[in-house]
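S.K.: Predicted model, plus sequence, below.
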Amino acid sequence: MTIERTAAAAADPAWAPRWQRVTGKTLPAMLPTLPALQSGLRVRSPWGVVIALTVLAGLLRLLDIGGESFWKNELFSVYWVNNPVEFLLTKGLVTETNPPLYFMLLKLWTAMFGSGEVGVRSLSALASTGCIPLIYLLGVELGGVTVGLVAATLLAISPVQLFFAHEARVYALLPLFVLVTMLGLCRFLHKPDVRGFQPDGRFANSLDIYALGAIALLYSHATAALILLALVVTALVYFVEVKAPRSQVLAFLFANVIVGLLASPAIMALAMQSKSPNLEWMPPMGVASLLGALRFLMVSPLVRFDVTGVAREVLSWIELGFALASLGVLAMVARRSIRNRLGYALLVLFPLLFVMLVCGISVFRPILIPRITVWMVVPVMLVAAFAFTSPKLRLLTRRAAIALMAGCLVLGLTDTTFAVVRHTPDWPAFIDDARATLPPDALLVVGPHTGPLGMVHYGDAAMVERVRLWRPPPDHHETNAEWLERTVADAQPMTTAQLDAAVRSGQPVWLILDEDDVPLIPDLRAQLPEFAAATRRAFPVLTVFKWPSSGGTR
């Protein structure tokens, strides 16, 4: 790769007090200088670099993709797609809180590649890999070739992207569809002087790209409506500032009407589920949840599982410190490093509006969980690319931004990718132990969060027949996911009193809890006098308490 310095950056004018109107005559003159606007660097054969980065991203996302067993939500995905297509598009649309696009794709994908870890997760890996050339294109549109290449590099090694590329859930698709939508909108907004709906191929294609991405978003996740609303408001603000012609505004609004009509089944299903018990587990919004979402976005979705006790808490605070410092520096330099108002609107105003919408709704109905911000890694990486390459920033400021982001990446990669530690329940190890030591008349009781699907997927019919589902809270409202787990496994519910009676009767009982069920143990100790007599066996993320029959040995 050859890099040459140009003199174009030195002549780059300061930001005007108002947004300069870009016309059809001035736009072609600006395009040749776009690659040099930010850093004064021009890269030869940039697509060769993009292809290399895409291959690297794909290899990283396939690295050990089947090394861990499925966790509860992934198992739900695997078994939900066993339903017929007509169910997914009708009753399933109002049963499951997430729209059906991911499940439809996964149904087709598993028919070709099977229901094993590699086969199921490879769909997410492919979607995540596809983001690399798209973020490059968006970076070129907003700031030039160098910005696009830096953003693509950062996204290729993003811990958040790598984590969700290994998960059989919809979240790897959200950045992909957001990129498609933003790219179409960006190209559309670059032509505010257009007088007709279809003056040239690029203008029409831009709206088509935007509409396809928006429809895909709305059929992918429940929060996509807020993403699209924030993006539409951002575009309208931009139209007002540049005094865009009425024809362009009307064309954009008409495109969104078409999007709304085509996505109306998903929108109506979302409205019908506003009081769904599937959402009752979400915690109220607070400072802790906001900080958790920030650490999630800037560093990693989780902290290393092999670090425990005080050390784990210290590591968590260190990661939060890096996240806060990195975001603070990027926010401080965004105005100076992003040299055009369109880039500032799409990369700063757009995600900020989304956060405001989510926080406002969460006051009345909590919906703020870190996972819904996964797509925001796209604007963050682009802002970082602007900061890393901007000649307008002091060298010390640029180095501080690079050092902080590097710290976030290293910590995140250690947490999610390069740490030799399991993040999901080790069901195969438990099943092997059960086959060797499980008494013939034993009950297998799974915790409320653990669920029986792991036993169904990795065990055999004889084990599944013995599964019971522990229900500690008497006022618990069964969610749709729990209903599916219970019906698939045909698992009878078991209260704590029934569990106590089974143990007292001398029947062998194994209670299987994952880490999210551990907070229930203190209440179990108080309500189950025989708890102290249990033998404890630990597997990665799973803890098994065993009570033998009266004549057995512990």
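M.R.: Good, I have the coordinates. The structure presented is a predicted model; accordingly, all values stated were derived computationally and were not measured.

S.K.: quick one: low-confidence parts of the stretch 201-350 of the chain?
M.R.: 201-204, 273-283 (pLDDT under 70).

S.K.: my bad, should have said the stretch 401-550 of the chain
M.R.: Applying pLDDT under 70 to the stretch 401-550 of the chain flags residues 419-420, 473-484, 549-550.

S.K.: How much space separates residue 382 from residue 148?
M.R.: 9 Å (Cβ to Cβ, to the nearest Å). (C-beta placed from N, C-alpha, C; glycine too.)

S.K.: err, residue 183, not the other one
M.R.: The gap separating residue 183 from residue 148 is 11 Å, by Cβ to Cβ.

S.K.: what is in contact with these two at once?
M.R.: Common contacts of residue 183 and residue 148 (Cβ atoms under 8 Å, 6 or more residues apart in numbering): 137, 138.

S.K.: Looking at the two, which is more packed in?
M.R.: residue 148 (27 against 21; other Cβ atoms under 10 Å).

S.K.: any idea what that one is structurally, helix, strand or coil?
M.R.: Following DSSP: H, G, I helix; E, B strand; the rest coil, residue 148 is assigned to helix.

S.K.: quick one: it and residue 140 touch, right?
M.R.: Yes. Counting by Cβ atoms under 8 Å, residue 148 does reach residue 140; the two are 4.3 Å apart.

S.K.: For residue 508, which non-adjacent residue is closest in space?
M.R.: Spatial nearest neighbour of residue 508, excluding adjacent residues (Cβ to Cβ, 6 or more residues apart in numbering): residue 442 at 3.7 Å.

S.K.: The one you found - how many residues pack around it?
M.R.: Residues near residue 442, counting by other Cβ under 10 Å: 20.

S.K.: what are the ranges of the helices in the stretch 1-150 of the chain?
M.R.: Under the criterion DSSP state H, counting those that start in this stretch, the stretch 1-150 of the chain contains helices at 26-30, 46-62, 72-80, 85-89, 91-95, 101-113, 117-129, 131-142, 145-156.

S.K.: and the third one with helix 101-113, angle?
M.R.: In terms of direction (axes from the mean of the first three to the mean of the last three Cα atoms, to 10 degrees), helix 72-80 departs from helix 101-113 by 70 degrees.

S.K.: Renumber starting at 25 from here on
M.R.: Renumbered: residue one is now 25, and that last one reads helix 96-104.

S.K.: what's helix 96-104 packed up against?
M.R.: helix 125-137, helix 141-153, helix 477-482, helix 504-513 (3 or more Cβ pairs under 8 Å, 6 or more residues apart in numbering; DSSP states H and E).

S.K.: As CSV, these with mean neighbour count and distance to residue 323 would be great.
M.R.: What follows is those, written out as CSV (neighbours: other Cβ atoms under 10 Å; distance: least, Cβ to Cβ, whole Å):
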stretch, mean neighbour count, distance to residue 323
helix 125-137, 17, 25
helix 141-153, 22, 18
helix 477-482, 24, 28
helix 504-513, 19, 28
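
S.K.: Between those, which one is closest to residue 334.
M.R.: Nearest to residue 334, of all those, is helix 477-482, at 30.9 Å by Cβ to Cβ.

S.K.: ok, residues contacting the closest one?
M.R.: Applying Cβ under 8 Å, 6+ apart, the contact partners of helix 477-482 are 93-94, 96, 99-100, 102-103, 449, 451-452, 454-455, 468, 470, 487-488, 491, 509, 512-513.
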